[in-house]
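Trainee: Provided below for reference: sequence and predicted model.
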Amino acid sequence: MAHGRDPVADKAFLIALASFRDGRYTATSTMDAVLLFSGQGAQKVGMGKDLYDKYPTAKALIEQADKALGESLSSVMFEGPGEELTRTCNCQPALYVHGLACLAVLKELLPALNPVAAAGLSLGEFTAHAAAGTYSFEEGLRLVQKRGAFMEEACNATKGPMAAMIGGSDENVIKLAQECDVDVANFNCPGQTVVSGTEEGVDKAIAGARGAGCKIAKKLNVAGAYHSRLMHSAMVKLAEELKNVSFGTPSMPVYCNYEARVVEGPDDIRSMLEHQVCGSVRWTASMQKLVDQGHRLFIELGPGKTLAGMMGRICKDATVISIEDVPSLEAAVAELGK
């Protein structure tokens, strides 16, 4: 594992060791990096299409997903419509497949890459486990699709909202949530938390946000109250599915959202994946632990640059390279291979 690595030093290190041949970088040593995977909300129509068209590795993985699911997830990813892609049962497997397709091509083009840890925001935690080989691509895909379906059912049954709380301290938002009988869904980065729960409770939290030190409080455009007690039915159903999954030993440390630590062993992995459905996403704490261990190079795999933005508020001297399509992938390979 990396300790105290400087991104600038990493580049200089590879300049001496790497060469560019046949469109790929090869090196006599490795580059340590932490993999980060996007969560629900990052999806967008067209995701993965240019990777599918240009790289056989990505095409094969996306086609494998279609075959495993018995339906054309790729057409929803590539063509939408947006309302269909945004459905929880579609966007979760779409983000899972897209993140792993980005990683597969990156590994192919940059053999020097050495993933030393992985984490993912909410749904992304499942992608991180697939990247670490905790379970097979197809087993993880089917699990993610069921998770999305269970959560969609819970959303339809409970109709709860979520709201972003910007500018307040974690402690004040936790206290406000308790007073309003809602849950803190996400600790994304300093000054950015999300509450989740009943309509009445979230409205009350928004009304009390300024008094709790928040500069902005607004409802999010989401289908339901994710990471709250209103997702309990989804958690129970997912727990049953997790019993049937064969978990191996991850090839690298995988950080869980629920307790912001590295998971250990099949029972622990099952428990953490189960409880994060209703539990808080402790992203700030997870990233801080990685930073405290000396990690400074992170690769975000998924649409947009949300995780890079969060990291910018957690650790100013961390480097996050975001990959979502052919241009960003090729730019990343060129940057990392300097």
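Mentor: Arrived safely, thanks for sending. Numbering: from 1, shown residues only.
Trainee: what are the ranges of the strands in the stretch 101-250 of the chain?
Mentor: Along the stretch 101-250 of the chain, the segments classed as strands by DSSP state E, counting those that start in this stretch run 113-120, 162-166, 183-189, 192-196, 216-219.
Trainee: Tell me which of these lies nearest to Val281.
Mentor: Closest approach to Val281 among the strands of the stretch 101-250 of the chain is made by strand 183-189 (4.5 Å; CB to CB). Where C-beta positions appear, they are placed from N, C-alpha and C, glycine not excepted.
Trainee: Touching stretch 139-151 from outside, list them.
Mentor: Residues outside stretch 139-151 that contact it (CB atoms under 8 Å, 6 or more residues apart in numbering) are 65, 68-69, 87-93, 96-97, 123, 126-127, 129-130, 134-135, 224, 226, 231, 233-234, 237-238, 241-242, 245-246, 277.
Trainee: looking at the strands of the stretch 101-250 of the chain, which is buried most?
Mentor: Greatest average neighbour count among the strands of the stretch 101-250 of the chain goes to strand 192-196 (a mean of 26), per mean count of other CB atoms under 10 Å.
Trainee: Parallel or antiparallel, which strands does that one pair with?
Mentor: Partner strands and pairing direction for strand 192-196 (DSSP bridges) are strand 162-166 (antiparallel), strand 183-189 (antiparallel).
Trainee: Now the shortest one: average pLDDT?
Mentor: So the one you mean is strand 162-166. Averaged over strand 162-166, pLDDT sits at 98.
Trainee: Then stretch 196-214?
Mentor: Here stretch 196-214 scores 98 as its mean pLDDT.
Trainee: gap between the two ends of that stretch?
Mentor: End-to-end distance for stretch 196-214: 16 Å, by CA to CA, to the nearest Å.
Trainee: Name the residues that touch it?
Mentor: Identification of contacts with stretch 196-214 by CB under 8 Å, 6+ apart yields 158-163, 165-169, 172-173, 175-177, 179-185, 195, 216-219, 225-230.
Trainee: again, but for stretch 59-70
Mentor: Taking CB under 8 Å, 6+ apart as the rule, stretch 59-70 contacts 48, 52-53, 72-74, 77, 93, 97, 100-101, 104, 137-138, 141-142, 145.
Trainee: picking that back up, could you export the strands of the stretch 101-250 of the chain as TSV, including distance to Ala42?
Mentor: Listed next are the strands of the stretch 101-250 of the chain as TSV, based on distance: least, CB to CB, whole Å:
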stretch	distance to Ala42
strand 113-120	11
strand 162-166	15
strand 183-189	13
strand 192-196	15
strand 216-219	19
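Trainee: What's the separation between Glu79 and Glu241?
Mentor: According to CB to CB, to the nearest Å, Glu79 and Glu241 sit 29 Å apart.
Trainee: Out of the two, name the residue with the larger neighbour count.
Mentor: When Glu79 and Glu241 are compared for neighbours, Glu241 comes out ahead with 16 against 13, by other CB atoms under 10 Å.
Trainee: ok, the spatially closest residue to the more buried one that is not a sequence neighbour - how many residues close by?
Mentor: Leaving aside its sequence neighbours, Glu241 sits nearest to Lys146 (CB to CB, 6 or more residues apart in numbering; 5.3 Å). Each residue near Lys146 was counted by other CB under 10 Å, and the total is 19.
Trainee: Can you tell me how far Lys146 is from Pro250?
Mentor: Distance of Lys146 to Pro250, computed by CB to CB: 21 Å.
Trainee: ditto for Leu121
Mentor: Leu121 is 18 Å from Pro250, where distance means CB to CB.
Trainee: next one: Ala60
Mentor: Going from Ala60 to Pro250 by CB to CB gives 24 Å.
Trainee: The two: who's more crowded?
Mentor: Higher neighbour count among Ala60 and Pro250: Pro250, with 21 against 13, using other CB under 10 Å.
Trainee: Look up the pLDDT of Asp22 for me, please.
Mentor: pLDDT recorded at Asp22 is 40.
Trainee: swap in Lys11?
Mentor: For Lys11, the predicted pLDDT is 38.
Trainee: confidence score at the closest residue to Ala205 other than its chain neighbours?
Mentor: In this structure, Ala205 finds its nearest non-sequential neighbour in Cys180, 4.3 Å apart by CB to CB, 6+ apart. Cys180 carries a pLDDT value of 98.
Trainee: Offset the numbering so it begins at 446, please.
Mentor: Fine by me, first position is 446 from now on; the one you just mentioned is Cys625.
Trainee: What is the neighbour count of Cys625?
Mentor: Neighbour count of Cys625, defined by other CB under 10 Å: 22.
Trainee: Glu616 now?
Mentor: Applying other CB under 10 Å, we find 10 residues neighbouring Glu616.
Trainee: How much space separates His574 from Val640?
Mentor: To Val640, His574 is 27 Å away according to CB to CB.
Trainee: same check, this time on Pro560
Mentor: Noted for Pro560: a distance of 33 Å to Val640, by CB to CB.
Trainee: again with Val690
Mentor: Separation of Val690 from Val640 (CB to CB): 31 Å.
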